[in-house]
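Visitor: quick one: sequence and predicted model below, then my questions.
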Amino acid sequence: MSCGVLAGAGPVWNRAKVPPGASVAVFGCGGVGLNTIQAARLVGAAKIIAVDVLPKKLEWAQEFGASHVVDASRDDPVARVQAIAGGGGVDYAFEVVGTQRTIEQALLSTHRGGMAVVIGISPAGTRLSIDPMLLVQQRILTGSSFGAGHQRTDVPMLIDLFMDGTYKLRELISRRIAARRDQPRLRPPAAGQGQAQRDRLRLTARPPPLDGSTKAETEGRVFLTATLIRGRFALRACILHYGTSEADIGVLVATVREVGARLAA
């Protein structure tokens, strides 16, 4: 919740404070960008333009609320966004990729006085080349980390929206994979397939009895979120249920690390 979901949705209402009727462009429609798109939908953005190079991700974008899509592998994304938005560009552009090119494109796609918000994490050493006149024309280039808000209040709000049926979370899971401690190494999808929004791995760990007896073992359930980032899996783990002892938790954490090492290898 606090990583992919809040990181994508939070900038819409915390950093940019997008008002109803605004025009929005989202560069990058993976697991984080889809949350940016549906947050823009929730605040009442009039035009939500999704930009990506993979047709499958553009399909997802429309399912999550994009009103227009731009295939950046075929068209100039800046020219297309400006043409769709009218008035010289969008009010707000969100960059959810983390490359020099997409950050610069996001800024260029805004009109005078518009705002570009960088959400994507760039590789170390990334530098931008920006015409200062863009800033003189009162465009704003800013960024956001973990949704630019407060997890203590924003996460419960997102959960309430999900429970009300307003916010899509289940739809973010593109596949479920059962994982065991003795399972052979798992591999991410081939690079460029773009078939994963968020992969959810269910792993059941059964810690040994702590009192030496043969009582039924305590079952813990760990949910891993595996996201393909630059050809490798990035992992997030959440222990949803476990025994009350610290030893039980320790066994579960060790199991998560084992599976994580296999995925990242």
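Guide: Arrived safely, thanks for sending. Numbering: from 1, shown residues only.
Visitor: counting contacts, what elements does the strand or helix carrying residue 111 pack onto?
Guide: Element membership of residue 111, judged by DSSP states H and E, is strand 110-118. Packing contacts for strand 110-118, counted by 3 or more Cβ pairs under 8 Å, 6 or more residues apart in numbering; DSSP states H and E, involve strand 90-95, helix 100-108, strand 140-143. Backbone N, C-alpha and C define where each C-beta goes, glycine included.
Visitor: which positions in it come out as buried?
Guide: By neighbour count on 16 or more other Cβ atoms under 10 Å, the buried set for strand 110-118 is 110, 111, 114, 115, 116, 117, 118.
Visitor: what's the answer for stretch 144-155, then?
Guide: Residues 144, 146, 147, 148, 149, 154, 155 are the ones in stretch 144-155 that count as buried (16+ other Cβ under 10 Å).
Visitor: now, these that are in helices?
Guide: Judged by DSSP state H, the buried residues of stretch 144-155 include 154, 155 as members of helices.
Visitor: closest one of the buried residues of stretch 144-155 to residue 17?
Guide: When the buried residues of stretch 144-155 are compared for distance to residue 17 (Cβ to Cβ), residue 148 wins out at 10.0 Å.
Visitor: would you confirm that that closest one contacts residue 12?
Guide: No - assessed by Cβ atoms under 8 Å, residue 148 is found out of contact with residue 12, at 9.6 Å.
Visitor: most tightly packed of the helices and strands packed on strand 110-118?
Guide: strand 90-95 (a mean of 28; mean count of other Cβ atoms under 10 Å).
Visitor: tilt between that strand and strand 110-118?
Guide: Orientation check (axes from the mean of the first three to the mean of the last three Cα atoms, to 10 degrees): strand 90-95 against strand 110-118 gives 30 degrees.
Visitor: picking that back up, could you redo the buried residues of strand 110-118 as TSV and give each row distance to residue 43?
Guide: Putting those into TSV (distance: Cβ to Cβ, whole Å) gives the following:
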residue	distance to residue 43
110	17
111	19
114	16
115	14
116	17
117	14
118	19
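Visitor: out of those residues, what pair is the most spread apart?
Guide: The widest separation within those (Cβ to Cβ) is 18.1 Å, between 111 and 118.
Visitor: neighbours of residue 126, how many?
Guide: Look at residue 126: counted by other Cβ atoms under 10 Å, it has 11 neighbours.
Visitor: who touches residue 66 in this structure?
Guide: Contacts were defined as Cβ atoms under 8 Å, 6 or more residues apart in numbering; by that measure residue 66 touches 26, 29, 37, 48, 49, 50, 58.
Visitor: quick one: which of the residues you listed sit in helices?
Guide: 37, 58.
Visitor: out of the contacts of residue 66, name the ones that lie in strands.
Guide: Among the contacts of residue 66, the members falling in strands are 26, 48, 49, 50 (criterion: DSSP state E).
Visitor: hmm, residue 36 is touching residue 13, no?
Guide: No - between residue 36 and residue 13 there is no contact under Cβ under 8 Å: 10.7 Å.
Visitor: more neighbours: those two, which one.
Guide: residue 36 (34 against 19).
Visitor: circling back: could you dump the buried residues of stretch 144-155 to TSV with pLDDT?
Guide: Output for those, formatted as TSV (pLDDT from 0 to 100):
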residue	pLDDT
144	91
146	84
147	87
148	83
149	81
154	84
155	85
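Visitor: among the buried residues of stretch 144-155, which pair sits farthest apart?
Guide: Maximum distance among the buried residues of stretch 144-155 (Cβ to Cβ): 15.7 Å, for 144 and 155.
Visitor: quick one: end-to-end distance for stretch 133-150.
Guide: For stretch 133-150, the first and last residues are 34 Å from each other (Cα to Cα, to the nearest Å).
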